[in-house]
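Asks: kindly generate the corresponding structure for this input.
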Amino acid sequence: METSNLPAIRVRRAPWNKGRIVGQKRPLKPKHVWAIRVRLELAGSHRDLALFNMAIDSKLRGCDLVKLKVMDVMASGRIKERASVLQSKTQSPVRFEISEGTRASVKTWLKDDLMVGSEYLWPGRFRDCLHISTRQYARIVRDWVTSIGLDASAYGTHSIRRIKVTQIYKKTGNLRAVQLLLGHTKLDSTVRYLGVELEDALIIAEAIEI
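Replies: Coordinates of the predicted model:
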């Protein structure tokens, strides 16, 4: 019996995203930020507290955050109030503020023995790794999220990047400001990133009387 013309039988693989929450990761709420900060402070996790605070203030993508150098945030022995870095994705500079709380946590972290002689703000554990990887950062974020009882599949590194800009947009409705802070070249990208819908636009319009 000839079988050469029969179609090949292929094993069906389960979709990679089966059981996972895909799409835009939701930002952490202020109460979540507070809860994570308290846990990190109580645990004495100086690096993670500085990393968490800097991630929120800088609003940088994970690939840029992990590559931050000490000289990017420090000048003349002091932590800068504002910093500027070149984005890997767009090759354009973006500026960000460094709040008082973040400056304090970074200053404490810089005194740690692990920072002696390090060029990078978040040095790797091994000699061939100058700084932590984006994958390591993603695992760290997952640990933060799960430590306060949240579902890790619903959050990611962009959840941290979106924290501050989400609050800025909710309070001001200023998309242009958010665009500049995120370093987006197109406003459309900012709209999609925030998940701005018609309902959001109507709420803003209703708050304005002429």
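
Asks: helix, strand or coil: sort out residue 178 for me.
Replies: Recorded secondary structure, residue 178: helix (DSSP: H, G, I helix; E, B strand; the rest coil).

Asks: so who does it touch?
Replies: Contacts here follow Cβ atoms under 8 Å, 6 or more residues apart in numbering; on that basis residue 178 touches 165, 168, 169, 190, 194. Quick note: C-beta positions are derived from backbone N, CA and C, even for glycine.

Asks: what separates the closest residue to the last one other than its chain neighbours from residue 27, distance-wise?
Replies: In this case it means residue 194. Closest residue in space to residue 194, ignoring its immediate chain neighbours: residue 169 at 5.7 Å, by Cβ to Cβ, 6 or more residues apart in numbering. To residue 27, residue 169 is 10 Å away according to Cβ to Cβ, to the nearest Å.

Asks: distance from the chain centre to stretch 129-136, please.
Replies: Here stretch 129-136 is found 14 Å from its chain centre; the criterion is Cα atoms, centre = their mean, to the nearest Å.

Asks: stretch 182-193 too?
Replies: In terms of Cα atoms, centre = their mean, the centre of stretch 182-193 is set 15 Å apart from its chain centre.

Asks: could you check how many residues crowd around the closest residue to residue 25 other than its chain neighbours?
Replies: Nearest in space to residue 25, with sequence neighbours left out and distances taken as Cβ to Cβ, 6+ apart, is residue 156 at 4.1 Å. A count of nearby residues for residue 156, using other Cβ atoms under 10 Å, gives 19.

Asks: quick one: contacts for residue 156?
Replies: By Cβ under 8 Å, 6+ apart, the contact list for residue 156 reads 25, 138, 141.

Asks: need the pLDDT of it.
Replies: The pLDDT attached to residue 156 in the predicted structure is 93.

Asks: helix or strand: which one has the residue nearest to residue 174 when sequence neighbours are not counted?
Replies: Closest residue in space to residue 174, ignoring its immediate chain neighbours: residue 168 at 7.1 Å, by Cβ to Cβ, 6+ apart. Under the criterion of DSSP states H and E, residue 168 resides in helix 163-172.
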